[in-house]
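Chemist: Return a 3D structure for these sequence lines:
(one chain, ligands or ions: 2)
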Amino acid sequence: MEEAEKLSCQLPDVGVLNLGSGQGQHENTNQSETKIALRVDEEGNEDSAPATEELSTSKYSHPVYRELSILNGKINKLNVAQLKSHLRERNLDTSGKKLVLQKRLKSHVCQQKLKESGKEDETASHRNLYYDYYLVIDFEATCDEHQNPTTYRHEIIEFPAQLVSTKKGQIINHFHSYVRPLINPRLTNFCTNLTGITQDKVNFAPTFPEVLKQFEAWLEDRGLTSSETKMTVLTDGPWDMGRFLYQQCSISGVPYPSWGKQWINIRKSFCNFHKTKKMCLKDMLNHLGMRFQGQPHSGLDDSKNIARVAIRLLKDGANLRINEKINIRKDGSYNPRERVVNNITRHNFEGIKRKKRLVANNTNSNSSPDESNLENVSDSDCDDSKNEESEPLWPDTQDVKEFPDLVNANVMKEI
Ligand code: AMP
Ligand code: MG
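Modeler: Ligands and ions are numbered 1, 2, ... in the order given. Okay, the predicted model is just below:
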């Protein structure tokens, strides 16, 4: 299904009622006229409404869903100026292309109508809110100028996480700790200048295994590890989980945590939704008419800003689902380039489906239900594979030989 057709409310559109404003309507839409246009005609339009039988047997049998589907149909017929006018009336953002404006308005109208009808609890399932929470993580790691690629053994030095409630559309809690590196205990000037993290901050910080324990206790205390809670990690790009966390777990000799095995790469979701080329965090914010708040490359500030982008996409009705995962094999074989599904094309999508069937046949209960979400990832995901090829996620095979501990630790300790 085209992204444009995936309505933020997931309701059937039922064609058009008489809008009272033809297609050729003047750009300066009269406000009262547009208000009327978004009120459902009490009599409805028998021709365009879905068959009563169809609605009464569906999960949308409450009259509010009929009203919403009619409104969706109307919104589909609005031109850009009319959409902006409606958004303005509701104090909503008016930036973005037509499809984004449509989704934003539908998403808002959907929430409002369900709330008015006392069906607030159902807003989540009708707004594509598959997850209750996003855990936005943005690690900072030891680094040096010119040492970023391939062979450099990054250690995490800042571990921040923002807990976003999808229903509330806001950050509701956060975790934060600096981490003391052991391989390169002295931070380079480059690293301090980049991240704002001083030597003192890491000198007095706990080591990674301790921080990981604290973090997991924090998750547990909030019921986030419960199987009933739908939570997923959300990051800006593939590096946080696919590189920093993996490397750090290997260096520290701790198992790679199950909560980090799959995640939403917000850049992919963003470019899929906005039909843009790959963007950095600052570009995404700019594109949304927002500004970076705080200091770039501070993990805490980065994670807050990533959360702001995610919340905004969510409010605009974007379908934020897992789009990357790390795959650590149990048989000892190791091809670092296969770890992350970087870019899902129709070709590898078929491969994923085949693998899923194999996993299911092997009755591996670890196959997360979230993998089924991959079916929702279209091959129109922006292609950032080129970019990642120039900055490989992992050392190539030759480099791997130089770091046997890094390779073995995770293979042996795979959960
Ligand atoms: P970021 O989330 O963009 O702040 O980056 C996370 C980590 O990637 C940083 O803590 C550094 O370890 C590394 N990094 C980011 N940008 C650079 C850069 N220009 N040169 C070297 N390392 C970098
Ligand atoms: Mg950062």
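
Chemist: Read off the pLDDT value for the residue of the stretch 1-150 of the chain found nearest ligand 2.
Modeler: For the stretch 1-150 of the chain, the residue closest to ligand 2 is residue 138, as judged by C-beta to the ion, at 4.3 Å. C-beta: built from backbone N, CA, C; applies to glycine. With respect to pLDDT, residue 138 scores 98.

Chemist: What separation do you get for it and residue 72?
Modeler: 36 Å (C-beta to C-beta, to the nearest Å).

Chemist: Quick check on these two: which one has the bigger neighbour count.
Modeler: Ranked by neighbour count (other C-beta atoms under 10 Å), residue 138 and residue 72 place residue 138 first, with 28 against 22.

Chemist: And ligand 1, is stretch 182-189 touching that?
Modeler: No: Stretch 182-189 stays out of contact with ligand 1 when judged by C-beta under 6 Å from any ligand atom, the minimum separation being 9.5 Å.

Chemist: contacts for that stretch?
Modeler: 142-145, 153, 155, 157, 181, 197-199, 202, 207, 251 (C-beta atoms under 8 Å, 6 or more residues apart in numbering).

Chemist: With just CA atoms, put it into CSV.
Modeler: Once non-C-alpha atoms are left out, stretch 182-189 reads as follows in CSV (Å, rounded to 0.1, in the frame of the first residue of the first chain):
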residue,chain,number,x,y,z
LEU,A,182,39.0,1.1,30.2
ILE,A,183,40.8,0.6,27.0
ASN,A,184,41.3,4.3,26.4
PRO,A,185,40.8,5.8,29.8
ARG,A,186,42.0,9.2,28.7
LEU,A,187,39.7,11.0,26.4
THR,A,188,41.2,12.7,23.5
ASN,A,189,40.8,16.5,23.1
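
Chemist: in it, what counts as buried?
Modeler: For stretch 182-189, a neighbour-count test (16 or more other C-beta atoms under 10 Å) marks 184, 187 as buried.

Chemist: can you give me the mean pLDDT across that stretch?
Modeler: 96.

Chemist: Repeat that for stretch 197-210.
Modeler: 98.

Chemist: give me every residue that touches the residue of the stretch 201-350 of the chain at minimum distance from ligand 1.
Modeler: At 3.6 Å from ligand 1, residue 297 is the closest residue in the stretch 201-350 of the chain, using C-beta to the nearest ligand atom. The contact partners of residue 297, taken as C-beta under 8 Å, 6+ apart, are 140, 194-196.

Chemist: Just send those residues back as CSV, with distance to residue 275, neighbour count and secondary structure too.
Modeler: Shown next, in CSV, are the contacts of residue 297 (distance: C-beta to C-beta, whole Å; neighbours: other C-beta atoms under 10 Å; DSSP: H, G, I helix; E, B strand; the rest coil):
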residue, distance to residue 275, neighbour count, secondary structure
140, 31, 25, strand
194, 31, 17, helix
195, 32, 22, helix
196, 34, 18, coil
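
Chemist: Out of these, flag the one nearest to ligand 2.
Modeler: Nearest to ligand 2 among the contacts of residue 297, with distances taken as C-beta to the ion, is residue 140, at 5.4 Å.

Chemist: Now the nearest residue to that closest one once chain neighbours are set aside: phi and psi?
Modeler: Counting by C-beta to C-beta, 6 or more residues apart in numbering, residue 140 lies nearest to residue 158, which is 3.9 Å off, once chain neighbours are set aside. Taking degrees, to the nearest 10, you get phi -140, psi 130 for the backbone angles of residue 158.

Chemist: same check, this time on residue 175
Modeler: phi -120, psi 140.

Chemist: quick one: low-confidence ranges for this protein?
Modeler: Where the chain drops to pLDDT under 70, the residues are 1-60, 120-129, 147-150, 329, 331-415.

Chemist: one more time with 80
Modeler: Low-confidence segments of the chain (pLDDT under 80): 1-61, 118-130, 146-151, 319, 327-415.

Chemist: Could you pull out the strands in it for me?
Modeler: Remark: strands assigned in the chain by DSSP state E are 133-137, 140-141, 156-165, 170-178, 231-235, 262-265, 324-325.

Chemist: Out of these, which gets nearest to residue 281?
Modeler: Nearest to residue 281, of all the strands of the chain, is strand 231-235, at 10.6 Å by C-beta to C-beta.

Chemist: Which neighbouring elements make contact with the closest one?
Modeler: Packing partners of strand 231-235 (3 or more C-beta pairs under 8 Å, 6 or more residues apart in numbering; DSSP states H and E): strand 133-137, strand 262-265, helix 299-315.

Chemist: Mind listing the strands the second one pairs with, and their directions?
Modeler: The pairing partners recorded for strand 262-265 under DSSP bridges are strand 231-235 (parallel), strand 324-325 (antiparallel).

Chemist: With only the CA atoms kept, save it in CSV.
Modeler: Provided in CSV are the C-alpha atoms of strand 262-265 (Å, rounded to 0.1, in the frame of the first residue of the first chain):
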residue,chain,number,x,y,z
GLN,A,262,16.0,-4.6,17.0
TRP,A,263,15.2,-0.9,16.8
ILE,A,264,13.7,1.9,14.8
ASN,A,265,16.2,3.8,12.9
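
Chemist: who's in contact with that strand?
Modeler: 134, 232-238, 240-241, 310, 320-326, 368, 370-371.

Chemist: And those residues, which of them are buried?
Modeler: The buried subset of those (16+ other C-beta under 10 Å) comprises 134, 232-238, 240-241, 310, 320-326, 370-371.

Chemist: Near ligand 1, which residues of the stretch 1-150 of the chain? Just list them.
Modeler: So the stretch 1-150 of the chain meets ligand 1 at 138, 140-141, 143, 148 (C-beta under 6 Å from any ligand atom).

Chemist: If we ignore the residues flanking it in sequence, what's nearest residue 282?
Modeler: Nearest non-adjacent residue to residue 282, counting by C-beta to C-beta, 6+ apart: residue 292, 5.6 Å away.

Chemist: if we can go back for a sec, any chance of the helices and strands packed on strand 231-235 in TSV, plus distance to residue 190?
Modeler: Formatted as TSV, the helices and strands packed on strand 231-235 follow (distance: least, C-beta to C-beta, whole Å):
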stretch	distance to residue 190
strand 133-137	23
strand 262-265	26
helix 299-315	16
